[in-house]
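S.K.: model this:
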Amino acid sequence: MGEVDPAFIQDVEHRPKLAATQAEGIPLVDLAAVTGYSPSDGAVAASAAIKGLAAEIGEACKKWGFFAVVNHGVAAEKRERIWREAREFFGQGLDEKKKVRRDEKKVLGYYETEHTKNVRDWKEVFDFTVQEPTLVPASHEDGEEGVIEWTNQWPEYPPGLREACEEYAQELEKLAYKLTGLIAQSLSLPASRFDEFYKDQTSFVRLNHYPPCPTPHLALGVGRHKDSGALTILAQDNVGGLEVKRKSDGEWVQVKPIPDAFIINVGDIIQVWSNETYESVEHRVMVNSEKERFSIPFFFNPSHYTMVQPLKELTDEHNPPKYRPYNWGKFLVTRKASNFKKLDVENLQIYHFRI
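M.R.: This next block holds a predicted model:
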């Protein structure tokens, strides 16, 4: 990725400021009180420490839509192993990586020409789903029934990549259930309230590699966007580059890497489930001219047949539902299809379902 193709260049108003504001403010939450417990364990859920933790997370979701967690219970060796394997994979030549390149039929695997808001991202990725196979609608058209299976594509090299990825995904899934349990409690719901939506989950993990970029003032690793799923758990290296749009003033602020922490953000689905008590926040990734950067987001997404709508417990005549129900699987396959072509129209967004 040496010469800069115009496809990477952001419109002037969306170009990054290289001297961005540092966000000291993203809350840091210590999960020690829940590590080792399941969120649906009634006795634990009732404890004062858990209630305090849920309130802290609720405040972070309201104010920022983002927070960092430490003492999360994900073993260091599992995290180190997936980093190692990701570096090995991306360190290969393009021809090797393209052996597991994704396309419109095989939507998982390696990809190097992803677009966000119709501008090409300065990155390469490798995607795999948590459930194998993952069931999704065969068509994004309304009224068309039928499902297909998404299956993962694993490369021959590095030979340890598959096992490292699968073990990591299992650990992150446990953490995701804990976090959604705490988010449910912060909304005065039972800790297990969201569990029913995950029986046949469509969650996936992405390995991101952002090579050094000769024009970091013109391009972005990932353009501004909101996450369309429920919850994202991000592991990032110590290079940094993630920026969040601060709700209080609309400023782009950098999220400082914190050793051994995960960065959590609520996605569009939680915005809808909570009837906008919590909001999915815009974020983007800057690149730099000297260092490559790696990150690994885990996207915790419900079953394809989930009808996403404001939860009944959180709506009433004074606070009516702000969204029409929409089918998550149809939404997901519509968005996936758009990854493979530059659109003439805006991509599907949740506000298209706003009442």
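S.K.: OK, contacts around Glu144?
M.R.: Residues near Glu144 by Cβ atoms under 8 Å, 6 or more residues apart in numbering: 137-138. Heads up, the C-betas are built off the backbone N, CA and C, glycines and all.
S.K.: likewise for Arg101?
M.R.: Neighbour list for Arg101: 109-111 [criterion: Cβ under 8 Å, 6+ apart].
S.K.: quick check on it: phi, psi?
M.R.: phi -70, psi 140 (degrees, to the nearest 10).
S.K.: can you check Asn238 too?
M.R.: The phi/psi pair for Asn238 (degrees, to the nearest 10) is phi -90, psi 10.
S.K.: quick one: the residue nearest to it when sequence neighbours are not counted and Val125, what's the gap?
M.R.: Closest residue to Asn238 apart from its sequence neighbours, by Cβ to Cβ, 6 or more residues apart in numbering: Pro257 at 4.8 Å. Going from Pro257 to Val125 by Cβ to Cβ, to the nearest Å gives 20 Å.
S.K.: can you spell out which helices and strands pack onto the helix or strand harbouring Gly329?
M.R.: Secondary structure from DSSP states H and E places Gly329 in helix 328-338. Using 3 or more Cβ pairs under 8 Å, 6 or more residues apart in numbering; DSSP states H and E, the elements in contact with helix 328-338 are strand 134-137, strand 307-308.
S.K.: chain center to that helix: distance?
M.R.: 15 Å (Cα atoms, centre = their mean, to the nearest Å).
S.K.: let me see the mean pLDDT of it.
M.R.: Averaging pLDDT along helix 328-338 gives 85.
S.K.: list the buried ones in that helix?
M.R.: 328-334, 336-338 (16 or more other Cβ atoms under 10 Å).
S.K.: phi first, then psi, for the residue lying closest to Glu156 once chain neighbours are set aside.
M.R.: Leaving aside its chain neighbours, Glu156 sits nearest to Lys99 (7.7 Å; criterion: Cβ to Cβ, 6+ apart). Phi and psi for Lys99, reported as degrees, to the nearest 10, are phi -60, psi -20.
S.K.: next structured bit after the lengthiest helix in the chain?
M.R.: Secondary structure of the chain read by DSSP state H shows that its longest helix is helix 161-186. Heading C-terminal from helix 161-186, the first helix or strand you meet, by DSSP H and E, is strand 204-210.
S.K.: show me what that following strand pairs with in its sheet, parallel or antiparallel.
M.R.: strand 124-129 (antiparallel), strand 293-300 (antiparallel) (DSSP bridges).
S.K.: a markdown table for those strands, including distance to Val222, mean neighbour count and mean pLDDT?
M.R.: Listed next are the strands paired with strand 204-210 as a markdown table, based on distance: least, Cβ to Cβ, whole Å; neighbours: other Cβ atoms under 10 Å; pLDDT from 0 to 100:
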| stretch | distance to Val222 | mean neighbour count | mean pLDDT |
| --- | --- | --- | --- |
| strand 124-129 | 10 | 22 | 96 |
| strand 293-300 | 9 | 23 | 96 |
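S.K.: for those, give me JSON lines that also has distance to Tyr177.
M.R.: JSON lines is the format used below for the strands paired with strand 204-210 (distance: least, Cβ to Cβ, whole Å):
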{"stretch": "strand 124-129", "distance to Tyr177": "17"}
{"stretch": "strand 293-300", "distance to Tyr177": "8"}
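S.K.: coming back round to it: quickly name whichever of the buried residues of helix 328-338 is closest to Ser139.
M.R.: The shortest approach to Ser139 among the buried residues of helix 328-338 belongs to Val333, at 7.5 Å (Cβ to Cβ).
S.K.: how close does Asn327 sit to Glu166?
M.R.: According to Cβ to Cβ, Asn327 and Glu166 sit 28 Å apart.
S.K.: buried stuff in stretch 255-271?
M.R.: Residues of stretch 255-271 classed as buried by neighbour count (16+ other Cβ under 10 Å): 255, 257, 261-271.
S.K.: roughly how far is that stretch from the heart of the chain?
M.R.: Relative to the chain's own centre, stretch 255-271 is displaced by 8 Å; criterion: Cα atoms, centre = their mean.
S.K.: hey, C-alpha coordinates of that stretch in CSV?
M.R.: Below are the C-alpha coordinates for stretch 255-271, written out as CSV (Å, rounded to 0.1, in the frame of the first residue of the first chain):
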residue,chain,number,x,y,z
VAL,A,255,-8.8,6.8,22.9
LYS,A,256,-5.5,6.1,24.6
PRO,A,257,-4.4,2.4,24.6
ILE,A,258,-4.6,1.0,28.1
PRO,A,259,-2.4,-2.1,28.7
ASP,A,260,-4.5,-5.3,29.1
ALA,A,261,-7.8,-3.4,28.7
PHE,A,262,-10.7,-3.9,26.3
ILE,A,263,-12.6,-1.0,24.8
ILE,A,264,-16.4,-1.5,24.8
ASN,A,265,-19.0,0.3,22.8
VAL,A,266,-22.7,-0.1,22.5
GLY,A,267,-24.0,-0.6,19.0
ASP,A,268,-27.2,0.4,17.2
ILE,A,269,-29.2,-2.6,18.5
ILE,A,270,-28.7,-1.6,22.1
GLN,A,271,-29.7,2.0,21.1
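S.K.: what helix or strand is the spatially most distant residue from the centre of the chain located in?
M.R.: Distance from the centre of the chain peaks at Glu317, with 32.9 Å (Cα atoms, centre = their mean). Remark: Glu317 resides in no helix or strand, with elements defined by DSSP H and E.
S.K.: distance of it from Gln271?
M.R.: Distance of Glu317 to Gln271, computed by Cβ to Cβ: 21 Å.
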